[in-house]
Structure formats: C-alpha cells, structure tokens
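1. Have a look at this prediction, sequence included:
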Amino acid sequence: MIIQAKISQIPEILLMTDACRIAMEGNGIYQWTTEYPSKQAFKNDIERNELYVLHLNNEIVGCIVVSLFMDEEYKSVEWLTENAKNYYIHRLAVHPKYQSKGFAQRLMGFAENFARENNALSVRLDTFSQNQRNQKFYEQRGYTKLGDIFFLNQSEHPFHCYELVL
C-alpha cells in the first residue's frame with residue numbers, strides 16, 4: 001500500500017534511506033551522504049503533501065517524493081516539454097532487503113499515474129551519473145536522458161536529468 005507519509009514516520013524513513021546509502025556505498029556509489037537525504041528535507045516533503053511511503057506488513061519498505069516544485073538546478077536543462085505542469089521525482093528509495101522485488105517499479109508507477117491523473121505534461125527526475133543501475137531502470141521505463149546538473153554538496157560527479165513525456 002502506498003500512502004502519504006506522516007511526520008511521525010520520519011525516523012523509520014531515515015533508517016531506510018541510510019540503509020540505502022550504506023548499500024550504495026558498498027557498491028562504490030556515493031550518491032547520498034550522511035547529510036542527504038535529511039530529516040528536514042523529509043519534513044518539508046510531508047508538509048507539502050509530496051512524500052509517499054510503501055508499506056508492507058506494517059513496515060516502510062520504500063518512499064518517493066512527487067512534487068510540482070522545480071528546483072533551481074533544473075532551470076538550465078533543455079526539457080522535452082514546456083515548464084508548465086511537470087512533476088518531479090525525488091528521494092526514491094527501497095530498503096536494500098526489499099530491492100529487486102518490483103517495489104521501485106510500483107513506486108514509479110504510482111508517481112507516473114498520479115501525474116497522468118493530474119494532467120501533467122511530464123515526469124522529470126535526476127539520477128547520479130555513477131549509478132548505472134538507476135539509469136537503466138529509468139531508461140527501461142521510457143525516460144529520455146537529457147542534460148546534467150551538479151549537486152556539489154553531494155558529489156563532484158554530475159547527475160543526469162531524465163524526462164518521461166505523458
């Protein structure tokens with residue numbers, strides 16, 4: 001079941017995303033840090049009603065942010081659609097012990113259907129250039145790889161931007 005997250009769930013969400021960070025680092029992917037994603041980022045997501053969690057047996061196994069807000073870093077990207085009604089995906093995570101079971105697909109399907117139901121033009125996101133698995137995941141879902149952006153507080157490596165036209 002995918003539902004909107006609550007403030008009280010932030011500690012459990014942070015434990016899950018930290019487990020993801022540790023697993024990525026074990027694979028040489030330094031995409032997330034001990035500072036990101038943060039408690040404050042998730043608090044802001046919840047206050048804007050943009051954070052959703054995937055529950056399985058009363059446990060949070062995944063999360064996703066579905067937002068209409070366009071971050072400043074995205075303004076330089078040459079998107080496929082006009083900057084009008086576009087949804088942005090952030091902080092997609094599935095606990096490592098539940099990965100490769102289709103839960104990320106379910107979360108993305110939820111987000112894309114949400115965008116369609118709200119008459120969006122597209123779904124946009126970025127993923128770490130050193131994370132080949134994520135790039136393949138989005139490309140197999142029909143996303144088009146566009147330009148690069150940088151989050152220097154996270155990595156010296158770029159993040160690739162992707163867009164799915166709806």
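-> Everything's here; your move. Nothing here was measured: the structure is a model prediction, and the numbers come from that model. Numbering: from 1, shown residues only.
2. helix or strand right after the helix or strand containing Val61?
-> Assigned by DSSP states H and E, Val61 belongs to strand 59-67. Following strand 59-67 in sequence order, the next helix or strand is strand 86-94 (DSSP H and E).
3. Check the gap between the residue lying closest to Lys85 once chain neighbours are set aside and Glu12 for me.
-> Spatial nearest neighbour of Lys85, excluding adjacent residues (C-beta to C-beta, 6 or more residues apart in numbering): Ala120 at 4.9 Å. To be clear about C-beta, it is placed using only N, CA and C from the backbone, and glycine gets the same treatment. Ala120 sits 29 Å away from Glu12, going by C-beta to C-beta, to the nearest Å.
4. more neighbours, these two?
-> Comparing Ala120 with Glu12 by neighbour count (other C-beta atoms under 10 Å), the higher total belongs to Ala120, at 21 against 14.
5. ok, that one - contacts?
-> Listed by C-beta atoms under 8 Å, 6 or more residues apart in numbering, the contact set of Ala120 reads Lys85, Asn86, Tyr87, Leu166.
6. Return the closest of those with respect to Gln40.
-> Nearest to Gln40 among those: Tyr87, at 21.8 Å, using C-beta to C-beta.
7. For this protein, give me the ranges with low pLDDT.
-> 152 (pLDDT under 70).
8. how about a cut-off of 80?
-> 152-155 (pLDDT under 80).
9. Any idea how far apart the tips of stretch 92-105 sit?
-> Terminal residues of stretch 92-105 lie 10 Å apart, using C-alpha to C-alpha, to the nearest Å.
10. try stretch 146-166
-> With C-alpha to C-alpha as the measure, stretch 146-166 spans 16 Å from end to end.
11. Stretch 119-132 too?
-> 31 Å.
12. returning to what we had before: of the contacts of Ala120, just the buried ones, ChimeraX syntax please.
-> Restricted to buried positions by 16 or more other C-beta atoms under 10 Å, the ChimeraX selection for the contacts of Ala120 reads:
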select :86,87,166
